[in-house]
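**Q** Dropping a prediction and its sequence here:
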Amino acid sequence: MKSKKQISLFVAVLAIIVNTAIAQEVKPRPTKPENGGSLKTITDVSGSSQNDPQMAMKRMPIGGGLSEEWSVYSGELKFQELPYSYDALEPVIDKMTVEIHYNRHHRSYYNNFMNAIKETELTKMPIYHIFAQISEFSDAVRNNSGGYFNHALYWDNLSPKGGGEPKGELAESIIKQFGSFKDFTDKFNTAAKTRFGSGWAWLSVDFTNGELFISSTANQDNPLMNNAERMGVPILALDVWEHAYYLNYQNKRADYIEAFWKIVNWEMVEKRFKQAQKK
Ligand SMILES: [Fe+2]
């Protein structure tokens, strides 16, 4: 027969075991992964499905959310004419910069893109379908498809009659998303200034919720590519490669970015904004 002392000890041990089990049961799940990564890492993992080419294709709006001219097969794309003369953007962007940038850089991207897809199935795909699966293709396709497309957007969203502020629904969306036009340009300028090396700053429309967002991409990547941190339809493009400003601004990228707002073609950006909303 067990003594009272032994029974009390047994009950106490049992209570400890039960309490420990309950405590383990209700212990909240850690909000951080065990590998020491941040919560953002977890979000990135779930969001990474956008980077799957099939998922990117599904989420993309019809026609890539772009104007009709981009709906043709890539093999049929033409090198667009510059919508103004070489000196039209002066004094913001000088004649020689525009001439070299358009006639040599941009044209080379177009020619190299056409060579990279020559006699492949890519000639039978619209360019936005190539972007949605860009991780599957060569660096030559990635760099030159982006280089060709990004510059076409850039020239079209500049105008000698540009500047001022957007109107209508685009203006409302900018204020809703960023607080004010000034807050928007500040954030965009920061994205453009802090892009290390060569690349682009963008205002885009998110594929899934239609929200405006600002981002920057390296080299000739763009937000339609399935390697983008956030995918969307680009509606405003700013080239921050040195070839875009060096003759006039040398190392003063910030001055070029500040001057850029004087020649933004808001009518074109508004048109793209509406196109990107179409389902
Ligand atoms: Fe460029």
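**A** That came in fine, so what should we check first? Since the model is a prediction, treat every value here as computed from it, not as a measurement. Numbering: from 1, shown residues only.

**Q** What is the neighbour count of Leu170?
**A** Leu170 sits with 22 neighbouring residues when counted by other Cβ atoms under 10 Å. Placement of C-beta: from N, CA and C, glycine included.

**Q** what comes into contact with the helix or strand hosting it?
**A** Remark: Leu170 resides in helix 168-178, with elements defined by DSSP states H and E. Helix 168-178 has contacts (Cβ atoms under 8 Å, 6 or more residues apart in numbering) with 165-166, 181, 184, 187, 211-213, 266, 269-270, 273-274.

**Q** for those residues, which one is nearest Ser135?
**A** Using Cβ to Cβ, Phe213 is the member of the contacts of helix 168-178 that lies nearest Ser135, at 20.9 Å.

**Q** So the helix or strand hosting that closest one, near the ion or not?
**A** Secondary-structure assignment from DSSP H and E places Phe213 in strand 212-218. No. For strand 212-218 and the ion, the contact criterion (Cβ under 5 Å from the ion) is not met; the two come no nearer than 12.7 Å.

**Q** Mind listing the strands that strand pairs with, and their directions?
**A** Counting by DSSP bridges, the strands paired with strand 212-218 are strand 199-206 (antiparallel).

**Q** residues in contact with the strand it pairs with?
**A** 65, 150, 184, 188, 191-192, 195, 211-223, 230-241, 257, 269, 273, 276-277.

**Q** which of those residues count as buried?
**A** Taking 16 or more other Cβ atoms under 10 Å as the criterion, what is buried in the contacts of strand 199-206 is 65, 150, 184, 188, 191-192, 195, 212-217, 219-223, 230-241, 257, 269, 273, 276.

**Q** Which residues are in contact with Ile93?
**A** Ile93 makes contacts with 158, 244-245, 248, 259, 263, as judged by Cβ under 8 Å, 6+ apart.

**Q** ok, which of those residues also contact the ion?
**A** Of the entries in those, the ones placed beside the ion under the rule of Cβ under 5 Å from the ion are Ala244.

**Q** Turn the contacts of Ile93 into CSV, including pLDDT, secondary structure and neighbour count.
**A** Converted to CSV, the contacts of Ile93 look like this (pLDDT from 0 to 100; DSSP: H, G, I helix; E, B strand; the rest coil; neighbours: other Cβ atoms under 10 Å):
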residue, pLDDT, secondary structure, neighbour count
Leu158, 98, strand, 25
Ala244, 97, helix, 23
Tyr245, 96, coil, 24
Asn248, 95, helix, 17
Ala259, 98, helix, 16
Ile263, 98, helix, 19
